[in-house]
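Chemist: with the sequence up front, the predicted model follows.
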Amino acid sequence: MTETPNWDLLVLGKSLLTMEPDTGPIPNGAVAISGGRIVAVGEASDLLEMAPTCEVLNASNCLVMPGLVNTHSHLAMSLLRGLADDLPLKTWLEGHIWPAESHHVNRESVAVGSRLAAAEQLLAGVTTTTDMYFFADAVCEALVEAGIRGVVAESLIDASTPRCSGPEEMLARQRQLCEEWKDHPLITPSVAAHAPYTVGPTNLVKEAELADELAVPLQIHLAETRWEVETLLEKRGATPVAYLEDIGFLSDRVVAAHCVHVSREDIETLAENNVGVSHNPVSNLKLSSGVAPVPKMLEAGIKLGLGTDGAASNNGLDLLRDLQIAALLHKGTSGDPTTLPAQSILEMATIDGARVLGLSESTGMITVGRNADLACFALDTAHATPMYDPYSHMVFAARAADARHVVVQGKVVVRDRELQTMDLKEIRAKVNEIAKGIRG
C-alpha cells in the first residue's frame with residue numbers, strides 16, 4: 001500500500017505557469033508544499049488523489065505562477081510617495097528627497113514605511129523584494145513580519161546618512177547586518193554603494209571586497225542619467241561602467257540598477273563581468289532619465305530583471321504594471337512588435353529577476369526543491385475573459401488587484417485579497433501620521 005504524502009499545503013489552479021524552460025502551461029495544475037518548499041507539481045486531480053487530507057488552497061479560478069521578483073527598490077520611500085513630482089533626478093534628489101530624508105528618516109519611520117511597502121507588494125503578487133536604504137536591520141524585521149522575501153542592504157555614501165556618521169560606520173553596519181542575517185530563510189543580506197558619483201574609488205573597492213568576503217549581493221545605481229555619464233567622463237575619464245571595471249568593482253555579485261545610458265562597449269563589459277541589471281522603466285520614464293537599451297542587453301546575454309525603484313520616484317510598487325509598461329515601451333521604441341515577447345518579459349519578472357539577485361536556485365520558478373513562493377491571479381473577471389495564452393494574459397491584461405492569494409516559503413500571506421500577516425489599517429494610520437510631519 002502506497003504511503004500518503006505528508007504535505008502541508010496543496011495549491012490548486014485553473015492554469016499553472018511554472019516558468020521552467022520548455023514547459024508550457026499546465027491546465028488545472030497544482031503545487032504541493034512541505035516545509036516551505038515545493039515537493040510536487042502536476043495535475044490537480046493526480047495530486048489530490050495522492051494526499052486527499054492535506055490543507056488545500058483552492059485557487060481553481062486563478063492562474064498560479066511564481067511570485068514576482070522586484071530587483072530594485074527603496075522600501076521606506078513609500079513614505080515620500082508623491083512628495084515631489086515632475087522633476088529631473090538631480091533636482092528631485094538634492095532639492096526635495098534628501099532634505100526630507102535628513103529631517104524625517106529614523107528607525108521608526110523606516111520600519112513603518114517598509115511595512116507599508118511590503119504590504120503593497122504582497123497584495124500585488126510580489127514575493128521577493130529588494131532594499132538599499134538606511135536602518136537595514138529594521139527593514140529586515142519589517143519584511144520578516146510581513147512574510148515577504150527580501151534582499152536588504154544598508155546603503156553606503158561618502159557622507160553622513162540618517163543612520164551613520166560616515167562611510168566607516170556604514171561599512172561596519174553592513175558587515176554586522178550580513179553576519180546577523182546570513183542564515184535567515186527569508187532575508188538575504190547585501191552590501192550597497194549608492195552610485196559612482198556619490199561614492200569614491202576607495203570605498204567602492206571596499207564595498208566590492210566586503211561583498212566578496214561575505215559572499216553576498218552588491219547593489220549600486222549605475223548609468224542612470226546623462227548627467228552621471230558626463231560627470232564621470234569629466235572626473236574619472238571613463239563612463240560609469242568602464243570606471244567600475246577599471247577599479248575592479250564589477251562581478252557576478254553586482255546588481256546594477258537602471259543602466260539607462262550605456263554604450264555598446266559598456267554592454268559588452270557588463271556581459272563579460274556577468275553583472276545583473278535591474279530595469280526600472282517607470283521610474284526612468286517619470287524622471288525623464290531615458291529608456292534603457294534592454295533589447296541590446298538581452299542580445300548580449302546580460303542577466304536582466306525588473307524593478308520598481310522607490311515609491312517616491314515611481315509612486316507605486318506595482319511590478320506587474322511596470323512589466324506591462326516595459327513590454328510596450330520597448331516594442332514602441334524599437335518599432336518591432338516582436339521585441340520582448342510576453343513569455344520573455346514574464347521571465348524577467350520571475351526567474352530572471354531571481355537570477356539577477358543570486359536566488360535562481362531557490363525561487364523564481366515552480367519546480368520541486370525550490371521555495372514555495374507563489375502568486376495566484378484571479379481569472380473570474382471581465383478583463384480576464386477569455387484567456388487564450390496565460391503569458392499574454394499576465395503581460396497585457398492582468399492587474400495587480402487580481403492577486404487573490406499569495407504564498408511565501410509555503411505560508412499563505414494573502415488570502416482572498418486579505419493580508420494575513422499584518423494589520424494594513426494600522427500601518428496606514430501610522431504612515432498618515434508620519435506624513436503630516438513631512439508635509440509640514
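Modeler: Sure, I can see it. Numbering: from 1, shown residues only.
Chemist: what average pLDDT does stretch 392-407 get?
Modeler: Averaged across stretch 392-407, the pLDDT comes to 98.
Chemist: end-to-end on it?
Modeler: End-to-end distance for stretch 392-407, by CA to CA, to the nearest Å: 23 Å.
Chemist: hmm, Pro8 is touching Val56, no?
Modeler: No, residue 8 isn't Pro; it's Asp. No - counting by CB atoms under 8 Å, Asp8 does not reach Val56; the two are 11.0 Å apart. For glycine as for every other residue, the C-beta is placed from the backbone atoms N, C-alpha and C.
Chemist: list the contacts for the spatially most central residue of the chain?
Modeler: Centre of the chain computed as the mean C-alpha position; nearest residue by CA atoms, centre = their mean is Asn70, 1.4 Å away. Counting by CB atoms under 8 Å, 6 or more residues apart in numbering, Asn70 touches 121, 126, 128-130, 306-308, 317, 319, 353.
Chemist: which of the residues you listed are buried?
Modeler: 121, 126, 128-130, 306-308, 317, 319, 353 (16 or more other CB atoms under 10 Å).
Chemist: reformat these as TSV; add secondary structure, distance to Cys62 and pLDDT.
Modeler: Formatted as TSV, those follow (DSSP: H, G, I helix; E, B strand; the rest coil; distance: CB to CB, whole Å; pLDDT from 0 to 100):
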residue	secondary structure	distance to Cys62	pLDDT
Gln121	helix	18	98
Val126	strand	16	98
Thr128	strand	20	98
Thr129	strand	22	98
Thr130	strand	26	98
Leu306	strand	22	98
Gly307	coil	25	98
Thr308	coil	23	98
Leu317	coil	21	98
Leu319	helix	18	98
Gly353	helix	21	98
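Chemist: which one of those residues is nearest Leu214?
Modeler: Comparing the buried ones among the contacts of Asn70 against Leu214 with CB to CB places Thr130 closest, at 16.9 Å.
Chemist: OK, contacts around the closest one?
Modeler: Taking CB under 8 Å, 6+ apart as the test, what Thr130 contacts is 70-73, 150-152, 190, 219, 255, 278, 307, 357.
Chemist: I'd like these as TSV, with distance to Leu233 and secondary structure appended.
Modeler: Shown next, in TSV, are those (distance: CB to CB, whole Å; DSSP: H, G, I helix; E, B strand; the rest coil):
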residue	distance to Leu233	secondary structure
Asn70	31	coil
Thr71	27	coil
His72	24	coil
Ser73	29	coil
Gly150	35	strand
Val151	31	strand
Val152	33	strand
Ser190	29	strand
Gln219	23	strand
Val255	24	strand
Ser278	23	strand
Gly307	26	coil
Leu357	30	coil
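Chemist: sorry, back to before: distance of the nearest residue to the residue nearest to the centre of the chain once chain neighbours are set aside from Ile302?
Modeler: Take Asn70 and drop its neighbours on the chain: the residue closest to it by CB to CB, 6 or more residues apart in numbering is Thr129, 4.5 Å away. Separation of Thr129 from Ile302 (CB to CB, to the nearest Å): 22 Å.
Chemist: same question for Gly276.
Modeler: From Gly276 across to Ile302, the span is 8 Å (CB to CB).
Chemist: Leu122 too?
Modeler: Distance of Leu122 to Ile302, given as CB to CB: 29 Å.
Chemist: what about Thr202, helix or strand, and which?
Modeler: Taking DSSP states H and E as the definition, Thr202 sits inside helix 201-214.
Chemist: what's that helix in contact with?
Modeler: 156, 158, 167, 171, 174-175, 178-179, 182, 189-193, 196, 199, 217-218, 244, 247-249, 251, 253.
Chemist: equivalent analysis for stretch 417-429, please.
Modeler: 112, 115-116, 118-119, 122-123, 145-147, 401, 403-404, 412-414.
Chemist: all the helices of the stretch 201-350 of the chain, residue numbers only.
Modeler: For the stretch 201-350 of the chain, the helices defined by DSSP state H, counting those that start in this stretch occupy 201-214, 226-236, 240-246, 264-272, 281-286, 294-299, 311-314, 319-334, 342-348.
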